[in-house]
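Colleague: please work out how this folds:
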Amino acid sequence: MAQSYCRAPRSRHAPEPPFPAPDNTAATPPVRLMPRPLAVLVHGMGRTPASMALLALRLRRAGFDTALFGYSVTFEKFMPCRDRLRRFIAARAAARPYVLIGHSLGTVLLRSVLPYLPQAPAALFLIGPPTRACLLARRLQNYLPYRLFTGEMGQLLATASFLDSVPVPQCPAWIYAGVAGPRWSWYPLGDEPNDGILKVSEVELPGVTLIPIAGRHTLLMNVRALVRDLIDRARGAVAGAAAHLPA
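Modeller: Predicted coordinates for the structure are as follows:
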């Protein structure tokens, strides 16, 4: 026998829910997108921004934007170059965390510009930095080819009073010192650990951590151990700085 079913009559009006639906949009906080951090790189004496290109590429792969500052020791004076670097950084680093990375003479420019920046960097990385009048610069300063090629900045590297006046960084900072240079008694740098150009004692700064790297001065910025350490520290520094940026 066929079964019949009795259906309930449909209401013309949908039943009211027992409670109003929650307004999830009001309870969800707005998502704050963090800007990509910036790394500003400054090359050393007699070099070009191309010398920092490999490090810049590795930084971009690690999530950083990069900006490479170029200058000429032959044709520029120190103070105008420093002022140009200040404008270069200020124009690119506004309202986002950034780090500064310098090699050799580039580290002197970066240290000198720190007090004039509108926003302090999250960290400063000094690769093979001359922090005192280095032996090789003092020996070469009176030779005409050296004077013509390196100009005023080359002379400043041999001037103790100038290097002593460059500010010690107040932001988080690290020094990378090469220790793979020759160590012979007859070599100009003697038996002290060095990178072939600078002795370790010529790159120290009070209160700044020094990290020895098995590399030589000219290509120190490309040593993989240095790059890994720098990127890890830079990531940590910009993460902390981003948390304090204005909303």
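Colleague: list the contacts of Tyr143.
Modeller: Tyr143 makes no contacts at all, as judged by C-beta atoms under 8 Å, 6 or more residues apart in numbering. For every residue, glycine as well, the C-beta is placed using N, CA and C.
Colleague: check the gap between it and Val166 for me.
Modeller: With distances taken as C-beta to C-beta, to the nearest Å, Tyr143 is found 24 Å from Val166.
Colleague: so where is this protein shaky, pLDDT-wise?
Modeller: Within the chain, the ranges that satisfy pLDDT under 70 run 1-34, 242-247.
Colleague: ok, which stretches of it are strands?
Modeller: Assigned by DSSP state E, the chain shows strands spanning 38-42, 65-69, 98-103, 123-127, 173-178, 209-213.
Colleague: and those: which comes nearest Met153?
Modeller: Nearest to Met153 among these is strand 38-42 (12.5 Å), distances taken as C-beta to C-beta.
Colleague: that closest one packs against which elements?
Modeller: With contacts defined as 3 or more C-beta pairs under 8 Å, 6 or more residues apart in numbering; DSSP states H and E, strand 38-42 has these neighbours: helix 53-61, strand 65-69, helix 78-92, strand 98-103, helix 105-113.
Colleague: so it versus strand 65-69, what angle?
Modeller: Using axes from the mean of the first three to the mean of the last three C-alpha atoms, to 10 degrees, the inter-axis angle of strand 38-42 relative to strand 65-69 is 20 degrees.
Colleague: near the nearest residue to Gly215 once chain neighbours are set aside, how many other residues are there?
Modeller: Of all residues beyond its chain neighbours, the one nearest Gly215 is Val223 (4.0 Å), with distances taken as C-beta to C-beta, 6 or more residues apart in numbering. As a burial measure, Val223 scores 20 neighbours (other C-beta atoms under 10 Å).
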